[in-house]
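*Asks:* Predicted model follows, preceded by the sequence.
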Amino acid sequence: MLLIINLVNYCVSRWVLVVVGVLIQHMALCDIYLHNPRGSNNRYNEATRPRKNPDRLFDSQNNERGGYNVGTLKYFEGSLLSIEWTNQHSCGNPNNHCEIVLQYACGNLLRDGTSTRTIPESRDQCKRSNCSSDLSYGMNEDWTYWTTCKLRKRNENLFTADRKLRGLSSRYTRQNENGKRRGYECPEERDYYPYWQPTPWRDIAVLTNDVTRCSYYLAESENVKGRWFCEILPNYFDEFYQSSKVLIPTNKGDCEELLCPETETKCGRWVESRSHGLPAPECRETAWSRDNHLGDGHGGYPLVYNWTLPRLPYDRDVERCALRIRYNISTGEFGDGWIPKLVETNRRDKSTDKYIDLSQIYGFTDIEAAKERGYEFKQNPETQIFDNSEGFKLRLAVNTNQYGRTFQDRSHVFEIVRRPLELADVTVHNVNVRGKRGNIVQVYPAVEYDFVPNVLVTQTGDSIHYQWTGSDTNPSNNDGQGRAGTDRSNILLLRDPAWFPSASGSHGNWASNYPAVFANMSMGGLDMTSQENLALLSNNQLGGDMTELDEAGTYYSLPARKLSRTGVYRYMCSRNNNFSNRSQKGKLIVLDTAYSVRAIGRMGGNITLSNSKATLHVRPSSLTGLHRFTLSEWSVSDGESRMADKGRQLSIGNGYASSFIVLEPSNIGIVDSGKIEMEIKIENYTGEVVSIYRSDPDLLALWVMWIPI
C-alpha cells in the first residue's frame, strides 16, 4: 500500500518522514574541457604541453594545451558514471545564455588511431582505399558522413552576421566560414542543435539556462524523432563525390527532381532515417558556474552529470563509444539568446544574409540611427556613447563568429561491456581517476589527479568497479613522483591520526597522509586480495620496481566487487598525494539502507529510493531553480537510536508502518502554485488511521499531521 503526502509551499532545509503504527515520521524534509571520462581536446599521445594537431578528430575551439593523452576504459552496461567538466564562460547566471549538450556515439570502427595525423579526405591516401577502415587514423564520424555533409546544401536561414561564407554547402558556417575540415565532423551539425539531418550522435542530456526550450529539445531529439533527408542512390554517390557542380538539396521537391551532375539522371530519393529508438534526453537547468574561471561550481563541487550508461543490444557483448560535450554561449545581443530579431540585407552578390537589429535593444528609433552611433553587430564596431561627440568613439572587442559560439570536447574511445551474470541486477558504480602528471600550472587547463567521484555514497549490496588509465608520454619535465612523464595511481585506506580519532564506523581521516596498517584494513568489506590489488596493483603489474608503481602499466582495473560492510572510508593514492602541492584522496560511504540522489529543477522530476520504499514527485513549474535532492532511509532501530541520543522519543501510535524517510534538499524554493508529493510504501497496514510525523532530522522535535486512509 502507498501513502501519498503533499508538500506544498514549504521552504524546506531537511525533512525526515516515518509512518508509525501505523505511523509516518516525516522528517520533512569557454572553453569546455572534459575531465571524466578523459577528454582528448584532439590530443593523442603528445609528450608536449600543447597538442600537435587541433584538427585531428573535431573542432573544439579550445586552448591547445587542454586534453589528456589517449587511454581506454571499459564500463559495464547500465553502470553509473560521473561525467565531470569545466567551462570558462559561465552557466546558470545572467552573464550569458548557456546550453550544454551531452551525447555519445558508438560503432565498431570508432577509434583513437595510432598517430596525431588527421584522417585523409581522399580515399587513395588510405589503406585499401578505405579510410573508414584504416585503423592508423583516429575516427569518430565516418567518410560517408563527412562527404554527404560536404555535398549537401547548407541551411541558408541560419544567422551569419557579417561573415563571408565561402561556399554553399554544410561545411561552411558562421564559425567556419572557410569550410575547414576537422576529422570527418560536419561543421553545420557541430554548430547547431538539434540538427535536422541524420547523425550518429545519441542524446544523453540538454542543460539550459532557459527550460522553456525543453519541450522543443525533447520533441526534436533524434533519440525519438527520425530525420527526412535526400538520399543519393548508391550507384550515383561516387558521381556526386567527383563533381562540385550540384549540391544535395534539403527538401523533398528538389530532392525528387535532382539530376546527377554528369548523366543527368534522377538520382535523389526522399527517405526517413529512423530515430535512435532511445528515450528522450533529460532536459533541465545548467548548474551555476562563474565566468572567466575554469573551475568548480557551487560549494566547490565539480560540474557533473551522473549518467547511467545504456544497456547493450541483445546480440552484442561490447560496443566502442565516444562521449561528446558541446557548450553554446550567446550574449544579450541575441535577444533571448535563441531567436534574435533579424534584419535581411542584400550584398552585391544578391545573396540574403541575416543581421541582428540592435536598435530596440539599446533604445534607438530605427536600425539606421543605431548604425550611425556604431551600435551595429559587426566586427569591432566603434561606438559613439555621448551625444554631440562625433570625435570620440570607443572600439568594442566584438568578434561576430564568437558572439553566439559553440565549444566542444570529446572523450577518447571507451568500451561498454556486458555485465557478468552475478552483476545482472546490481547497482554498479564506477570509480575512476581524473587529471594528469604535473602541477596546476603545468597541466592547466587540464587538472591534477583526483578520484571521480571524490565522494561516493553507496549501500551494501552495490558493487564498485575501480579502474583508471593514464599515459607514459606526459611532458618529461612536469612535476610528479615516479618515472618522469608517467601517470600511476593506487588506493590505500588512510589511517586515523592519534590526535584526531575517527567516529565510530568511520575509517581513515583526510587530515592524515599515511595509510592504515594493511592487516587492519577492510574498505567496504573487500577481501584482503582485492585490497592488496588496489594498493599494489598486483593483478596488473609488469614486474620490476613498484615502490612508486613505475612498472604497473598505465591501465588498471579491479573487477567489480560487492560492498558488504557499512562505514565511512577515506582513502589516498600513495604516489601522487604530495602534500606540498596536490592531494589525491577520496571518500566512500557505505550505508545499510537505501539512498538516491538526483538534480531536479523547474521541469520537475522524480527521485525514488533504490528499494522503492519512497518516491519524491516534483511537479513541473514547482521549483524556482535547480536543486540536488537526496532521499535516504533510516531503519526503525536507527531512527529510535538517533532520537534517544537527542533525548527524544516518538510515543504516539501503535508501531511503525514504515522506516524513516529522509529528504535533504538545501533551502529549496517552491513557487506558490508548486506541488511536491512524497509517496511512501506502508508495509504493515492493518486498517488503522495513519499519522504522519515530520521533523528536522538534526533536532528530531516532532509534530503530528493526521491523514486518514
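*Replies:* Perfect, I can see it now. Numbers count the residues shown, from 1 in each chain.
*Asks:* show me where the stretch 401-550 of the chain has strands.
*Replies:* For the stretch 401-550 of the chain, the strands defined by DSSP state E, counting those that start in this stretch occupy 405-410, 414-417, 428-434, 450-452, 455-459, 463-468, 492-493, 506-507.
*Asks:* what's the closest of those to E257?
*Replies:* When the strands of the stretch 401-550 of the chain are compared by Cβ to Cβ, strand 405-410 sits nearest E257, at 33.9 Å. C-betas here are computed from N, CA, C, even on glycine.
*Asks:* how about the helices of the chain, start to end?
*Replies:* 143-151, 187-191, 214-220, 237-242, 252-256, 367-372, 440-443, 528-536, 636-645 (DSSP state H).
*Asks:* between the ones you listed, which has the poorest average model confidence?
*Replies:* Here the helices of the chain differ in mean pLDDT, and the lowest is helix 237-242 at a mean of 80.
*Asks:* Show me which strand runs longest in the protein.
*Replies:* Secondary structure of the chain per DSSP state E: the longest strand is strand 318-330.
*Asks:* helices or strands next to that strand in the packing?
*Replies:* strand 32-36, strand 80-87, strand 89-91, strand 97-106, strand 405-410, strand 414-417 (3 or more Cβ pairs under 8 Å, 6 or more residues apart in numbering; DSSP states H and E).
*Asks:* quick one on the thing from earlier: including mean pLDDT, could the strands of the stretch 401-550 of the chain go into TSV?
*Replies:* Output for those, formatted as TSV (pLDDT from 0 to 100):
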stretch	mean pLDDT
strand 405-410	94
strand 414-417	98
strand 428-434	98
strand 450-452	96
strand 455-459	95
strand 463-468	97
strand 492-493	93
strand 506-507	86
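*Asks:* how distant is stretch 232-251 from the center of its chain?
*Replies:* Distance of stretch 232-251 from the chain centroid (Cα atoms, centre = their mean, to the nearest Å) equals 37 Å.
*Asks:* For T118, give me the backbone phi and psi.
*Replies:* phi -80, psi 140 (degrees, to the nearest 10).
*Asks:* For it, grab the count of nearby residues.
*Replies:* Residues within reach of T118, counting by other Cβ atoms under 10 Å, total 19.
*Asks:* now do L309
*Replies:* Neighbour tally, L309, other Cβ under 10 Å: 21.
*Asks:* separation between it and F414?
*Replies:* 10 Å (Cβ to Cβ, to the nearest Å).
*Asks:* With M528 instead?
*Replies:* Taken as Cβ to Cβ, the span from M528 to F414 is 30 Å.
*Asks:* again, but for I119
*Replies:* From I119 to F414 the distance is 20 Å (Cβ to Cβ).
*Asks:* now swap in L396 and tell me
*Replies:* 43 Å.
*Asks:* residues in contact with N36?
*Replies:* Applying Cβ atoms under 8 Å, 6 or more residues apart in numbering to N36 gives the contacts L81, S82, I83, E84, N432, R434, V452.
*Asks:* rewinding a little: out of L396 and F414, which sits in the busier spot?
*Replies:* Under the criterion of other Cβ under 10 Å, the comparison of L396 against F414 puts F414 first, with 24 against 13.
*Asks:* Quick check: that one touching F76?
*Replies:* No: look at F414 against F76 with Cβ atoms under 8 Å: they stay out of range, at 11.6 Å.
*Asks:* Tell me the bridge partners for L663.
*Replies:* W15, L631 (DSSP bridges).
*Asks:* what do you get for Y75?
*Replies:* Following DSSP bridges, Y75 is listed with bridge partners I416.
*Asks:* tell me the pLDDT at it?
*Replies:* 98.
*Asks:* Using CSV, list the CA coordinates for stretch 597-605.
*Replies:* C-alpha atoms of stretch 597-605 as CSV (Å, rounded to 0.1, in the frame of the first residue of the first chain):
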residue,chain,number,x,y,z
VAL,A,597,20.3,11.4,-5.4
ARG,A,598,19.1,13.5,-8.3
ALA,A,599,19.2,17.1,-9.5
ILE,A,600,15.7,18.4,-10.2
GLY,A,601,14.7,21.9,-11.4
ARG,A,602,11.7,23.7,-13.0
MET,A,603,11.0,20.8,-15.4
GLY,A,604,10.1,18.7,-12.4
GLY,A,605,11.0,15.0,-12.0
